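**Q** Okay, here's the prediction I keep looking at, along with the sequence it came from:
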Amino acid sequence: MRLKLYNKNVNWFNLYIYFYLFVTPWHFSKSQLSVLTTILLIWSIVKYKDIYLEKLKKVGSFLPMVFLLIFIVYSYVSTLWSEPISQGLEHVNTFYKYYFLIIPAILISMNKEESVIGIKVLVLSFGCYALYSILIYLGFFNSSEYGFQPENPTGHLRYLIATQYMLIAFFLGSFFVYFSHIKKEKILFLIIAILSFFALFINNSRTSQLAFFIILLILTVLILRKYIFNFKAIVLFLIISFSSIYFLYKNDKFDRFVIAYNETKKVLENNTYSGSVGLRIYFNKVGFEIFKDNLFFGTGPKDNRILLQEKQKLDTNYNARIINHFHSEHMDTLTAYGLIGYSLLFLSIVILIYNLRKIPLYYYMSLTVFLSLFFNSFANKTLSVKPLNYVYIIFFLLFVIIAFNEKNKKESELS
């Protein structure tokens, strides 16, 4: 019997989309996203040439998408008050130019069922990265060639990126375990959740680890509020919480929280900004001063970071090296785009989550993903670091397709 190399029943287009979603979080090379997204966009235009503009117009008019698109346009308009404009435009292009490829490519190519599979593929990708991190922790890939260390098993991506993958994968994997009716799928996502849980707490990101506890508490209150005195629910919450603390302590990560406390104490008692946390507080303090002077429209992209550097140089009490980022995506967005830009972005996410409130699985999933973005953005770059910004925009688009489908379904039932 001959092995067929080509099967006409295989949907190669869908397979390519899932391949694209799987590899995007790994960011193997600088050209990866531009090449793969361009292929996806061209393929989708050719495949859906008869309904391309109609479909894009329909989904693009969905309110969460409207706010996101206005934010992207506003970010480019805001370069007009950057000095010089060319630097502001270069800065915006660095992070947003591929959105013009990603947004139409995803919105045109996928329906609700494919978007659900897309979310599963992303979680699977995160789970594989968690396994990769665990293998480094166990001593694999540790050589002069790779440069990885068990003490910081983040892999080729920075830990601020990798740990957000692990955080999201744990919760979304757990949701799939609970909601899925397929035994093999339950087992797969249970393994992913366990691997991601372990990987999160052997890595160094205090922000993602703290976000884990906050999100766990929020979801526990939301999901289990009707069963708050249910013995099994309380035991599950306590097991997860104490296991997290145990892994932190066992892997000498708990000391990092003690250091963070001491650095915060120095700020409050002596007005001394030292260490990772102390400097982040300082950057937020300077950022608030910049924000107050540019309340509604912001300084324009890039100018906010130049002002941050200038204030560090002029401050005689600042003794650390000059940093060109606030280490807070919230402050970076507020200072660059003002309340107007920040509100557009914030509302696009809130409205999207609200539109999913009647579908428990996707409501809790979207809430988890964007709570991860929200809490991590207090002390880290998120939407201004690659490939994390692309991963979050892809999640946004997949949830938009699901919410838009649900909206159309309800309107059809009423008519």
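**A** Arrived safely.

**Q** helix or strand for Ala379, which one?
**A** For Ala379, there is no host helix or strand (DSSP states H and E).

**Q** mind checking the end-to-end distance for stretch 15-33?
**A** End-to-end distance for stretch 15-33, by C-alpha to C-alpha, to the nearest Å: 17 Å.

**Q** Ok, stretch 325-334 next?
**A** 13 Å.

**Q** try stretch 291-306
**A** Stretch 291-306: ends 13 Å apart by C-alpha to C-alpha.

**Q** I'd like the distance from that stretch to the chain centre, please.
**A** 24 Å (C-alpha atoms, centre = their mean, to the nearest Å).

**Q** Report the contact partners of Lys381.
**A** Shown in contact with Lys381 (C-beta atoms under 8 Å, 6 or more residues apart in numbering): Leu160, His325, His327, Glu329, Asp332, Leu388. Where you see a C-beta, it was placed from the backbone N, CA and C, and this is true even at glycine.

**Q** how about those in TSV, adding pLDDT and neighbour count?
**A** What follows is the contacts of Lys381, written out as TSV (pLDDT from 0 to 100; neighbours: other C-beta atoms under 10 Å):
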residue	pLDDT	neighbour count
Leu160	93	21
His325	89	17
His327	91	22
Glu329	95	23
Asp332	95	24
Leu388	96	25
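
**Q** Counting only helices, which of the residues you listed make the cut?
**A** Leu160, Glu329, Asp332, Leu388 (DSSP state H).

**Q** start to end distance for stretch 22-38?
**A** Terminal residues of stretch 22-38 are spaced 16 Å apart (C-alpha to C-alpha).

**Q** What average pLDDT does that stretch get?
**A** Averaging pLDDT along stretch 22-38 yields 94.

**Q** List the buried residues of it.
**A** Residues of stretch 22-38 classed as buried by neighbour count (16 or more other C-beta atoms under 10 Å): Phe22, Val23, Thr24, Pro25, Trp26, His27, Gln32, Leu33, Leu36, Thr37.

**Q** Out of the contacts of Lys381, which comes closest to Tyr137?
**A** For the contacts of Lys381, the closest approach to Tyr137 (C-beta to C-beta) belongs to Leu160, at 17.5 Å.

**Q** in what helix or strand does Phe201 lie?
**A** Phe201 is part of helix 183-202 when elements are defined by DSSP H and E.

**Q** residues making contact with the helix or strand harbouring Phe22?
**A** Assigned by DSSP H and E, Phe22 belongs to helix 12-23. By C-beta under 8 Å, 6+ apart, the list of residues contacting helix 12-23 from outside reads 32, 36-37, 39-40, 43-44, 47, 109-110, 114, 117-118, 121-122, 124-125, 394.

**Q** let's go with 7 Å and repeat that
**A** 36, 40, 43, 47, 109-110, 114, 117-118, 121-122, 124-125, 394 (C-beta atoms under 7 Å, 6 or more residues apart in numbering).

**Q** next one: stretch 361-375
**A** Among residues not part of stretch 361-375, those counted as contacts by C-beta under 7 Å, 6+ apart are 119, 164, 167-168, 171-172, 175, 179, 211, 214-215, 218-219, 223, 349, 352-353, 356-357, 382, 392, 395, 399, 402.

**Q** Weed out the non-buried ones from the residues you listed.
**A** Buried members of these, counted by 16+ other C-beta under 10 Å: 119, 164, 167-168, 171-172, 175, 211, 215, 219, 349, 352-353, 356, 382, 392, 395, 399, 402.

**Q** In helices, which of those residues fall?
**A** Of those, the ones assigned to helices by DSSP H are 119, 164, 167-168, 171-172, 175, 211, 215, 219, 349, 352-353, 392, 395, 399, 402.

**Q** where does the stretch 1-150 of the chain dip in pLDDT?
**A** Under the criterion pLDDT under 70, the flagged ranges of the stretch 1-150 of the chain are 1-9, 143-147.

**Q** how about the nearest residue to Ala193, chain neighbours excluded?
**A** Take Ala193 and drop its neighbours on the chain: the residue closest to it by C-beta to C-beta, 6 or more residues apart in numbering is Gly173, 3.5 Å away.

**Q** following the helix or strand harbouring Lys265, which helix or strand shows up next?
**A** Element membership of Lys265 [criterion: DSSP H and E] is helix 254-270. Moving toward the C-terminus from helix 254-270, the next helix or strand (DSSP H and E) is helix 275-293.

**Q** Check Tyr249 and give its pLDDT.
**A** Per-residue confidence (pLDDT) for Tyr249: 69.
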